[in-house]
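Participant: 3D model of this:
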Amino acid sequence: MKKILFPTDFSDTAQNAFVHALEFANHINAELLLLHTFELPIYDSQFFPENYGAIYNSIELSQFNMFKDEVPKLRAIAKEQNLENIQIQHRLMDGNLIYNIKKAIEEEHIDFVVMGTSGVSDWTTFFIGSNTESIISAVNVPVLCIPAEVRHQKIEIIGFTTRFRDKDKNELIKVLKIAKQLKAQVKCLYVKTNDSDVKDETIKEWAMEFSDEPVVFSIIPDDDVKETVLDFVLYKEIDVLAVIAYKRNFFESIMNPSFSKKIVKEVQIPILIMHEH
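Facilitator: Numbers count the residues shown, from 1 in each chain. You can find the predicted model right below:
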């Protein structure tokens, strides 16, 4: 059975993302691991010689009590969605968020991460806010990012951007597997710029190789890659956009003000971040 890691701070943004995580788990036959992390403050023991330990114990206890109180609320949400059958485990960890997520992924053999992001003003906030960029950069499993304002709806079409590289093919295969479990179609986009080095033979080979799969390839000649991707998402009625994080280039390429404003305000869909391997 697959495992989905769901980091939560029990905020409204996280609760909204939890519904997406439940539905995703239901379709791919996965269990959820709820992860809540907290960092203990740093105190100088020389100023608190007598109650130094008590301070930390008090903080840990309050975090435990909050965790204990909030988990039943999430289970109630699962029941409201008629998804109480989803197996849910819990983990409370102190320390650095990114370190704990990486540790949980390794120890629990996690396949996906689903998380909410509170960035609603622009694309930069979407990826930089709420530690999202750091998490995406640090992990090696797909991350499904759910904007705070996006309510769950049936996923029928998954968009996938590609450069027709061999590494892209591996990620497309993974996306297709997800699509089949969701009973969805994949619409694959390649923006062919004037300096494109992708040969027509390569595109034909891909089309032939995936001819029996639920995928359609769109090759659009244009030098404005960002605007073309946005138009593709809007006019092809994409429900989830899957993109590959090409190391540094990925974050550098999306920090364009006009691009950020449009994709957040007009598109408003979950983003599935795949990783080149």
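Participant: Do a quick rundown of the strands in the stretch 151-277 of the chain.
Facilitator: Taking DSSP state E, counting those that start in this stretch to define them, one finds strands in the stretch 151-277 of the chain at 157-161, 185-192, 215-221, 240-245, 271-275.
Participant: can I get the ones you listed in CSV with distance to residue 149 and mean neighbour count?
Facilitator: C-beta coordinates here come from the backbone N, C-alpha and C atoms, glycine included. Output for the strands of the stretch 151-277 of the chain, formatted as CSV (distance: least, CB to CB, whole Å; neighbours: other CB atoms under 10 Å):
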stretch, distance to residue 149, mean neighbour count
strand 157-161, 19, 22
strand 185-192, 23, 21
strand 215-221, 27, 15
strand 240-245, 15, 22
strand 271-275, 13, 22
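Participant: Take those strands and lay them out in a markdown table including distance to residue 111 and mean pLDDT.
Facilitator: Shown next, in a markdown table, are the strands of the stretch 151-277 of the chain (distance: least, CB to CB, whole Å; pLDDT from 0 to 100):
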| stretch | distance to residue 111 | mean pLDDT |
| --- | --- | --- |
| strand 157-161 | 17 | 95 |
| strand 185-192 | 19 | 95 |
| strand 215-221 | 21 | 95 |
| strand 240-245 | 15 | 88 |
| strand 271-275 | 13 | 87 |
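Participant: Quick one: closest of those to residue 23.
Facilitator: Closest to residue 23 of the strands of the stretch 151-277 of the chain is strand 240-245 (CB to CB; 11.6 Å).
Participant: relative to strand 271-275, how tilted is that closest one?
Facilitator: Counting by axes from the mean of the first three to the mean of the last three CA atoms, to 10 degrees, strand 240-245 points 30 degrees away from the direction of strand 271-275.
Participant: Number the chain from 41, please
Facilitator: Let's use 41 as the start, then, which means that last one is strand 280-285.
Participant: Give me the packing partners of strand 280-285, helices and strands only.
Facilitator: Counting contacts by 3 or more CB pairs under 8 Å, 6 or more residues apart in numbering; DSSP states H and E, strand 280-285 packs against strand 197-201, helix 206-222, helix 287-294, strand 311-315.
Participant: And the contacts of it?
Facilitator: The contact list for strand 280-285, computed with CB atoms under 8 Å, 6 or more residues apart in numbering, reads 176-177, 184, 195, 197-202, 207-208, 211, 215, 273, 290-291, 307, 309-316.
Participant: any idea of the angle it forms with strand 225-232?
Facilitator: 50 degrees.
Participant: Direction included, what does strand 280-285 pair up with?
Facilitator: strand 197-201 (parallel), strand 311-315 (parallel) (DSSP bridges).
Participant: Figure out which of the helices and strands packed on strand 280-285 is closest to residue 229.
Facilitator: strand 197-201 (5.2 Å).
Participant: Pull the residues that contact the closest one.
Facilitator: 211-212, 215, 218-219, 222, 224-231, 255, 269, 272-273, 276-284, 312.
Participant: how about 7 Å then?
Facilitator: 212, 215, 219, 224-229, 269, 272-273, 276-283 (CB atoms under 7 Å, 6 or more residues apart in numbering).
Participant: Least confident secondary structure element in this protein?
Facilitator: helix 163-168 (a mean of 39; mean pLDDT, DSSP states H and E).
Participant: Using CSV, lay out the strands of the stretch 191-317 of the chain together with distance to residue 133.
Facilitator: Below are the strands of the stretch 191-317 of the chain laid out as CSV (distance: least, CB to CB, whole Å):
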stretch, distance to residue 133
strand 197-201, 32
strand 225-232, 35
strand 255-261, 39
strand 280-285, 25
strand 311-315, 23
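Participant: Residue 243 is nearest to which of the ones you listed?
Facilitator: It is, among these and with distance given as CB to CB, strand 255-261, at 6.3 Å.
Participant: Nothing else from me, thank you.
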